[in-house]
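Asker: Sequence and predicted structure below; questions after.
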Amino acid sequence: MIISELEKQYSYIFEKDLLIEISKIGILKEVSEGVELMRVGQYIKSMPLLLNGVIKILRNDEDGEELLLYFLEKGDTCAMTLSCCMGDTKSEIRAITETQTTLIMIPVEKMELWLMKYKSWRNFVLDSYHNRLMEMLNAIDSVAFKKMDERLLGYLKEKSKVTGSKILQATHQEIAFDLHSSRVVISRLLKALEKEGSIEISRNSIKLLKL
DNA sequence: TCATTAACACGGG
DNA sequence: CCCGTGTTAATGA
């Protein structure tokens, strides 16, 4: 049953032998919403392949202040795991499931072996690095050059995109944490967006109308 | 000028 | 009552 799920997402990326190896060695895991998969300072001993769901990747500063870096979707893997496993260093980021998530855990030893053995695996890992780097640049641009209202709009769009829903489950406080801002500002900006007709606010949820 | 912090009132579950 | 929300006043960058 692992293999059918696996083929849905990865059959176009990996060669057959690799798919079979993954299905034999990988451990299928169901994780519910809001679970912390990775903490700052933690050593990682296996890497996740996402089959379903969304994972939120956050950066923490010294005081425990947070900032959303990007979301991981199906077909993605965690780039931080890759460098952590190989360099045997600690995680620099925090990962929390945004929705219920299905993933396959692969032991580190295998992923190193496969780098030499399978071309498709090598490409996948390099692609993954590239994608995460691009998303990181977006996050930096956002913080450095954009005002909070633009960032909020981008956040809402991104969240809508990854969850595949126009209705977002979130409190103003949670949004404020993700964007590293305060609830007062988020409340005010959301109110303004509602007034201009872009969204509809209700308790614990936001509905995107036109964007 | 605009964000943050603290404080308070409102109201729905 | 508790919690999310809307607002305001004070302060600072």
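Answerer: Cool, the structure landed. Small disclaimer: the values here were computed from a predicted structure and weren't measured.

Asker: model confidence over the helix or strand containing A:Met47, on average?
Answerer: Assessed by DSSP states H and E, A:Met47 sits inside strand A:46-52. What strand A:46-52 shows for mean pLDDT is 88.

Asker: Buried residues, that strand. List them.
Answerer: A:46-52 (16 or more other C-beta atoms under 10 Å). For glycine as for every other residue, the C-beta is placed from the backbone atoms N, C-alpha and C.

Asker: What is the subsequent helix or strand relative to the longest helix anywhere in chain A?
Answerer: Assignment by DSSP state H gives helix A:119-145 as the longest helix of chain A. Later in the chain than helix A:119-145, the nearest helix or strand by DSSP H and E is helix A:148-163.

Asker: For chain A, which segments count as helices?
Answerer: Using DSSP H, helices in chain A cover A:2-10, A:16-25, A:79-87, A:108-117, A:119-145, A:148-163, A:172-178, A:183-195.

Asker: need these in TSV with distance to A:Val35, can you?
Answerer: Formatted as TSV, those follow (distance: least, C-beta to C-beta, whole Å):
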stretch	distance to A:Val35
helix A:2-10	20
helix A:16-25	23
helix A:79-87	16
helix A:108-117	21
helix A:119-145	21
helix A:148-163	16
helix A:172-178	15
helix A:183-195	24
